[in-house]
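Asks: Model the structure of this input:
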Amino acid sequence: MKGNRKYKFNHETLAYEIHQIPAKAKLSKGLIMFLLSIIVSLGYYFIYTEYFNLETPKMLSLKRQNEELANSLELVNKRFESVEKSLVALQMRDNYVYRPIFGMDEIPEDIRNAGFGGVDRYSYLQNFEKSGVLSKTAFTLDVLYKKAYVQNRSFEDLTQLAKSADEMTFCVPAIPPVNIGSKRIRYSSSFGYRKDPFHGDYRMHKGVDLSGPAGEPIYATGNGKVVEVGHDFFGYGNFVMVDHGFGYKTRYAHLTKANVTTGRIVKRGEVIGFMGNTGRSKGPHLHYEVIYRNKPVNPLNYYNPDVDEESFAALINTTGSNEQV
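Replies: Numbers count the residues shown, from 1 in each chain. Below is the predicted model of the structure:
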């Protein structure tokens, strides 16, 4: 006998003959062995995992990777917390230092934090094993992105204003509207609540009153555009309103006449009218208002009230022209 040949005794021929297994039988036997191996493997897996409560090496590796990822997320959240603290500090400096320098209102908290809360936008993470960590990370990332976006827009606005700082310097109403160094001029009423000279009750006085002779020149206190020239018989009388940009406007009232027309571009120190006694007035004087972001503010906060006549003349000569229409 050679090789792997198998022989079988044939009782009819009384001789040994080569035994050949049919291909179908071989296939059936192989299939049975394959099925048996699967059953044995499943049984081994069931006993290993369920009966002995053990985990497969693959499962152990996946769990280990899962824990590593969870720890990494926790570390990322701690870094996010640190970044958020730095961002909050930057927001405070922006609101209370940077924006006030350029006369800008602070950004309210409801705008900085808009878009969070309400609808649960992270419900799709609830089915994950580490849903709490995942939701916290996603939420924190969204918050940081929104706050950073708002802060970036604020810095862009500040950058634009910084680029136009020179222009802003000449637009802010920073000189007196009349020659307060002259002995002809005196302060007759201040900004704030006062006793009304006509009715006797206390009312808000939205500007300052400077008394002097009729015809005294009135000067634009900053570069700007004349947006209104009008007459209010029971109030301001003849008046001029100038828009200086950057949130500033000024009003000059009770004039004898205006020296400008609506739409005129004026420079600081330019004569825009003359002191008078028109409207609700008891004598020649200028009622002067500074309006910032549509709110009246004290004009004395914007110029030196103790400037002498010589210094005032220097301001007029260096900042504007006295050309008349």
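Asks: Work out the gap between the longest strand along the chain and the centre of the chain.
Replies: In the chain, taking DSSP state E as the definition, the longest strand is strand 248-258. How far strand 248-258 lies from its chain's middle: 36 Å, per Cα atoms, centre = their mean, to the nearest Å.
Asks: Show me what secondary structure element comes after it.
Replies: Per DSSP states H and E, the first helix or strand lying C-terminal to strand 248-258 is strand 265-266.
Asks: strand partners of that following strand, parallel vs antiparallel please.
Replies: According to DSSP bridges, strand 265-266 forms sheet pairs with strand 224-232 (antiparallel).
Asks: buried residues in the strand it pairs with?
Replies: Neighbour counts over strand 224-232 (16 or more other Cβ atoms under 10 Å) mark Gly224, Val226, Val229 as buried. Backbone N, C-alpha and C define where each C-beta goes, glycine included.
Asks: Show me what the longest strand of the chain is packed up against.
Replies: Packing contacts for strand 248-258, counted by 3 or more Cβ pairs under 8 Å, 6 or more residues apart in numbering; DSSP states H and E, involve strand 224-232, strand 237-245, strand 271-275, strand 285-292.
Asks: quick one: the third one to strand 224-232, angle?
Replies: Angle of strand 271-275 versus strand 224-232, following axes from the mean of the first three to the mean of the last three Cα atoms, to 10 degrees, is 30 degrees.
Asks: avg pLDDT for strand 271-275?
Replies: Taken as a whole, strand 271-275 carries a mean pLDDT of 97.
Asks: before we move on, back to that, so in that sheet, which strands flank the longest strand of the chain, and in what orientation?
Replies: Strand 248-258 is paired, per DSSP bridges, with strand 237-245 (antiparallel), strand 271-275 (antiparallel), strand 285-292 (antiparallel).
Asks: and these as JSON lines, adding mean neighbour count?
Replies: JSON lines is the format used below for the strands paired with strand 248-258 (neighbours: other Cβ atoms under 10 Å):
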{"stretch": "strand 237-245", "mean neighbour count": "21"}
{"stretch": "strand 271-275", "mean neighbour count": "23"}
{"stretch": "strand 285-292", "mean neighbour count": "23"}
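Asks: Go through these and name the closest to Glu109.
Replies: For the strands paired with strand 248-258, proximity to Glu109 was assessed by Cβ to Cβ; strand 285-292 is nearest, at 22.8 Å.
Asks: ok, back up a step: please convert the helices and strands packed on strand 248-258 to JSON lines, extending it with distance to Arg194.
Replies: Compiled in JSON lines, those are given as follows (distance: least, Cβ to Cβ, whole Å):
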{"stretch": "strand 224-232", "distance to Arg194": "20"}
{"stretch": "strand 237-245", "distance to Arg194": "19"}
{"stretch": "strand 271-275", "distance to Arg194": "20"}
{"stretch": "strand 285-292", "distance to Arg194": "12"}
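Asks: So for Leu144, which of those sits nearest?
Replies: Minimum separation from Leu144 across the helices and strands packed on strand 248-258 (Cβ to Cβ) falls at strand 285-292, 33.7 Å.
Asks: Would you tell me what the next helix or strand after the closest one is?
Replies: strand 295-297.
Asks: How far does the helix or strand just after that next one sit from its chain's centre?
Replies: Following strand 295-297 in sequence order, the next helix or strand is helix 309-319 (DSSP H and E). Distance of helix 309-319 from the chain centroid (Cα atoms, centre = their mean) equals 41 Å.
Asks: Give the other helices and strands that helix 309-319 contacts.
Replies: Packing contacts for helix 309-319, counted by 3+ Cβ pairs under 8 Å, 6+ apart, involve no helix or strand.
Asks: ok, residues contacting it?
Replies: 170, 175-176, 179-182, 219, 267-269, 307, 322 (Cβ atoms under 8 Å, 6 or more residues apart in numbering).
Asks: Export the buried residues of strand 224-232 to TSV and append columns for distance to Gly207 and pLDDT.
Replies: Conversion of the buried residues of strand 224-232 to TSV gives the following (distance: Cβ to Cβ, whole Å; pLDDT from 0 to 100):
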residue	distance to Gly207	pLDDT
Gly224	17	95
Val226	18	98
Val229	18	97
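Asks: Nearest to Met92, out of the helices and strands packed on strand 248-258?
Replies: It's strand 285-292; of the helices and strands packed on strand 248-258, that one is closest to Met92 (Cβ to Cβ) at 22.6 Å.
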